[in-house]
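Enquirer: prediction below, plus the sequence it came from.
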Amino acid sequence: MALSSRGRRTLSLFSSSAPSNWSKAVADAEKIVGYPTSFMSLRCLLSDELSNVAIQVKKLIGTQHPLLHTARGFVFDSGNHLPTRGLIVLLLSKAAGPSHTASDLLAQDMVSGIHTSQRNLAEITELIHTAFLVHRGIVDLKEWTISDGPLKDMEFGNKMAVLSGDFLLANACTGLAQLNNTKVVELISSAIGDVVQGIYNENTSNSEEHSLGGSVDVEAWEEHTFLSHGALLAKSCQAAMELAQHDTEAQSLAYTFGKHLSMGHRLNSDLQPFVKSSAGESVTFSFSAAPVVFHRQIVGQERWSQQLQQVKTRRNELDYSKLLAAVKSEKGVNTAMDLCCYHGNKALEAIQAFPSSEARSALENIASAITKF
Amino acid sequence: MACPLLRRCSKWNANCTSLFETLWYCDGRSVSYSTSSLGRTSWSSGTGNEGQPSLLRRRTRPNTFNFTTSLSRHQPRLLDPKLQACFWINSAHTDVKLQDPFTIAQKDLTNLYDDIRKELFVSKELKALCHYYFDGKGKAIRPMIVVLMARALNSHSNRSGDLLPGQRAVAMITEMIHTASLVHDDVIDGSDKRRGKGTINELWGEKKAILAGDFILSVASITMARIGNNTVVKVFSQVIEDLVRGEFMQLGSKENENERFKHYLEKTFKKTASLIANSCKAVCVLVSSDPKVHEIAYQYGKNVGIAFQLVDDVLDFTSGANHLGKPSAADLKLGLATGPVLFACQQFPELHAMIMRRFSSKGDVDRAWQYVFQSDGVEQTKNLAQHYCQEAIRQISMLRPSPERDALIRLTEMVLTRDK
């Protein structure tokens, strides 16, 4: 049971389940900023250190270490999770344009409407995001039972995951230092702290998954989700404005846009299993997905425990399609959809303050795609 | 000058000089270290050949075995009595009152851990993890070096009074980065004990331990950004990169013996010395704009740092279990060949195969252990540490005299003689 839920959680983290609206909006937007954003971490990925890891990771094939899934994500990039943060930072940089107060010198360094420093920032954002995908996949060795596979594999996988995550973070630090702006360093460092807290909370609440009293309300969910999924993009967007010497108002709008966009995106991803017509398909979802969290809060802990009991198969496993139906029959899914639209619209609203442009339209498309199901 | 120890060193030097040249001149940041730039520094204590690290100097002129004069009243307990005699002969004409580093640094370090804990402001359980090693029971040797260096540099630059706030922050950041890397190292090495208590991964699991390390690093990074100096941020980003690269270097072994020693010293620099060297540089950047002075601070930290780690590697063999808060021969058990083993391998080529398989066959650890004690690997590693300390002293002696500068000189001796 413990194992199967771990496996599912990993899947929901690394597999792509985004709607085609989103993919199209992203693909179109990539053309505007000049190059596919998945190239950004290439320098890092081609380093001796990570090549070394790649060779070592081969040893993990056939084991259940989550690093394997993460590594697969680098190669078979789905165009959903990984590249979009950097892309959004670039689009927003372009949409905001040059600052009126900035010196001529600063304006000269723009390439297709984006400063070099902003491009570097976009790359840093991706590096940090990827680093935490890797660190999220560390396995607690004491929870690992021998029936799950040899402990040695897990120790080795952990070692590789710690090292490669640290390597990505170290590269992000170096990149940040080269931006020559301590305000940006502070902002992005605090975003790293936020992400850590968010993931830490995830772990704590996941371990209470099957116990009683693990119910959180919408407000608490938003707070946690902002830390784990929103803070990095929000603060990167703000930092992109700071790098171009835009005023605090523009910075605040950028922050708001990044925040609501990432919250909306997270809700949209969480909702996918609940809105897709999945007759006959095998379905999985995480208990920390927004519709489930809201459902549990609406029906109460007791009812939720009953529902879990009712959908148990004879081999004492959860029948996820039955559980899905149970969740869908109540208001949890609708609450999540409403919240998703709220965030999408808030993001649209924030972006309206920027002058009309191709880049702004691309951001609008991305924000709208979030609210479509 | 015919003491056997020296001959041994010279013999060894003849084999490995190229390694030192590489390490000393080519690690990227010490390139600027040249005869011309240092020769001009007027207040150096002048033995006439500062341009070369003492080790190289000795190779080329074995008969003028001059320790830097400022070494003065050292009585390095580790040294061969004959060598000690050399000290006395050469140090007769200086009179530096050596100060106790702990006493002098005390006033700046009193609330260091409290202040670090205040910075690590976060809710609930994560806080407990992050505060775990900042319990005031650590040796705080890194912050001590940083504050002493800061005051020595302030005196040198004719700046009296307290530490600059930024310099105090650097001392905190140094300890935070060090701790964050310990927490991650313990996961990588699967350690369950540190400083006499259970490691974070042992108590809370690997996943949370990694996050705690990441969090401490993020707070260190915020603290350094708030100093508001871009050079300081760059100096520390170099440290973080070195720490990770050093950890990667620890994964591999080199087939070739010379390569292997170079690899070991480079790893030692990255994993231990870079933090100390760059922290010294960071406090320097905040008070002086003279690159020559930056280089002195950096070189002192680098040489002391390497010596510190070499002694640590010796203690892994000589100190009884639990003395360091970890079991002895821990490195061998992790498959790591450190100084004593690498030196022993020169006398006992049988060790070569064991090093290459990272002591993974049954009985390897015990056999390697025995070879090390049959050889003079421990002694040679201590000697090497001694050389690095001499170079550190030579560097710091180029600063104007101050109680803190002399405490830093005295500290090199403590690095060599510590037994835990």
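Expert: Arrived safely. Residues are numbered from 1 along each chain as shown, chains lettered A, B, ... in the order given.
Enquirer: mind listing what residue 184 touches?
Expert: You didn't say which chain, so I picked chain A. A:121, A:176, A:239, A:242-243 (CB atoms under 8 Å, 6 or more residues apart in numbering or on different chains). C-beta: built from backbone N, CA, C; applies to glycine.
Enquirer: oops, I was thinking of chain B
Expert: A:162, A:166, B:209-210, B:213, B:247.
Enquirer: can you redo those as TSV with neighbour count?
Expert: As requested, those are exported to TSV (neighbours: other CB atoms under 10 Å in any protein chain shown):
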residue	neighbour count
A:V162	24
A:D166	28
B:A209	24
B:I210	28
B:G213	27
B:E247	23
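Enquirer: the residues you listed: which two are farthest apart?
Expert: B:A209 and B:E247 (15.1 Å; CB to CB).
Enquirer: quick one: pLDDT of A:A325?
Expert: Per-residue pLDDT puts A:A325 at 85.
Enquirer: could you report the pLDDT at A:G34?
Expert: A:G34 carries a pLDDT score of 61 in this model.
Enquirer: how much space between the residue sitting furthest away from the middle of chain B and A:H135?
Expert: Going by CA atoms, centre = their mean, the residue of chain B most distant from its centre is B:K124, 34.9 Å out. Taking CB to CB, to the nearest Å as the measure, B:K124 falls 20 Å from A:H135.
Enquirer: what of B:A169?
Expert: Distance from B:A169 to A:H135, by CB to CB: 26 Å.
Enquirer: thinking again about what came up before, quick one: which two of the contacts of A:V184 are the most distant?
Expert: Longest span within the contacts of A:V184, CB to CB: A:L176 and A:E242, 12.4 Å.
Enquirer: neighbour-wise, which of these two wins?
Expert: A:L176 (29 against 22; other CB atoms under 10 Å in any protein chain shown).
Enquirer: next, the buried residues of stretch B:116-125.
Expert: By 16 or more other CB atoms under 10 Å in any protein chain shown, the buried positions in stretch B:116-125 come out as B:116-117, B:119-120, B:122.
Enquirer: likewise for stretch B:128-148?
Expert: Those would be B:129-134, B:138, B:140-148, for stretch B:128-148 by 16+ other CB under 10 Å.
Enquirer: got the end-to-end distance for it?
Expert: With CA to CA, to the nearest Å as the measure, stretch B:128-148 spans 30 Å from end to end.
Enquirer: state the mean pLDDT of it.
Expert: On average, stretch B:128-148 scores 90.
Enquirer: surely A:A239 is in contact with A:L187?
Expert: Yes - A:A239 is within contact range of A:L187, at 5.0 Å (criterion: CB atoms under 8 Å).
Enquirer: who's more crowded, those two?
Expert: Per other CB under 10 Å, whichever of A:A239 and A:L187 has more neighbours is A:A239, with 29 against 21.
Enquirer: please name the nearest non-neighbouring residue to that one.
Expert: With sequence-adjacent residues excluded and distances taken as CB to CB, 6 or more residues apart in numbering or on different chains, A:A239 is closest to A:V184, at 4.5 Å.
Enquirer: secondary structure class for A:A353?
Expert: coil (DSSP: H, G, I helix; E, B strand; the rest coil).
Enquirer: mind checking how far it is from chain B?
Expert: 28 Å (CB to the nearest CB, to the nearest Å).
Enquirer: neighbours of the closest residue to A:M110 other than its chain neighbours, how many?
Expert: The spatially closest residue to A:M110, leaving aside those adjacent along the chain, is A:P98, at 6.6 Å (CB to CB, 6+ apart). A:P98 has 16 neighbours, counted by other CB under 10 Å.
Enquirer: per-residue pLDDT, A:P98?
Expert: The predicted local confidence for A:P98 is 85.
Enquirer: secondary structure class of it, three-state.
Expert: A:P98 - assigned by three-state DSSP - is coil.
Enquirer: quick one, grab the pLDDT at residue 18.
Expert: Because you didn't say which chain, this covers chain A. 48.
Enquirer: nope, chain B please
Expert: At B:S18, pLDDT is 40.
Enquirer: now the helices for the stretch 201-350 of chain B?
Expert: B:206-227, B:230-249, B:257-268, B:274-285, B:291-318, B:330-333, B:339-347 (DSSP state H, counting those that start in this stretch).
Enquirer: need these in TSV (columns: distance to B:I409 and mean pLDDT).
Expert: TSV is the format used below for the helices of the stretch 201-350 of chain B (distance: least, CB to CB, whole Å; pLDDT from 0 to 100):
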stretch	distance to B:I409	mean pLDDT
helix B:206-227	28	96
helix B:230-249	24	95
helix B:257-268	22	91
helix B:274-285	14	97
helix B:291-318	10	95
helix B:330-333	29	88
helix B:339-347	24	93
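Enquirer: go through the ones you listed and pick out the most buried.
Expert: helix B:274-285 (a mean of 29; mean count of other CB atoms under 10 Å in any protein chain shown).
Enquirer: just checking, what packs against it?
Expert: helix B:141-156, helix B:165-189, helix B:230-249, helix B:291-318 (3 or more CB pairs under 8 Å, 6 or more residues apart in numbering or on different chains; DSSP states H and E).
Enquirer: how near is A:Q56 to chain B?
Expert: As for A:Q56, its distance to chain B is 8 Å (criterion: CB to the nearest CB).
Enquirer: and which of the contacts of A:V184 is nearest to chain B?
Expert: Nearest to chain B among the contacts of A:V184 is A:L176, at 7.0 Å by CB to the nearest CB.
Enquirer: which helix or which strand is home to that closest one?
Expert: In this assignment (DSSP states H and E), A:L176 forms part of helix A:151-178.
Enquirer: list the buried residues for that helix?
Expert: Neighbour count says helix A:151-178 has A:153-177 buried, by 16+ other CB under 10 Å.
Enquirer: quick one: buried residues of whatever helix or strand comes next after that helix?
Expert: Sequence-wise, the next helix or strand downstream of helix A:151-178 (DSSP H and E) is helix A:182-207. Using 16+ other CB under 10 Å as the test for burial, helix A:182-207 gives A:182-203, A:205-206.
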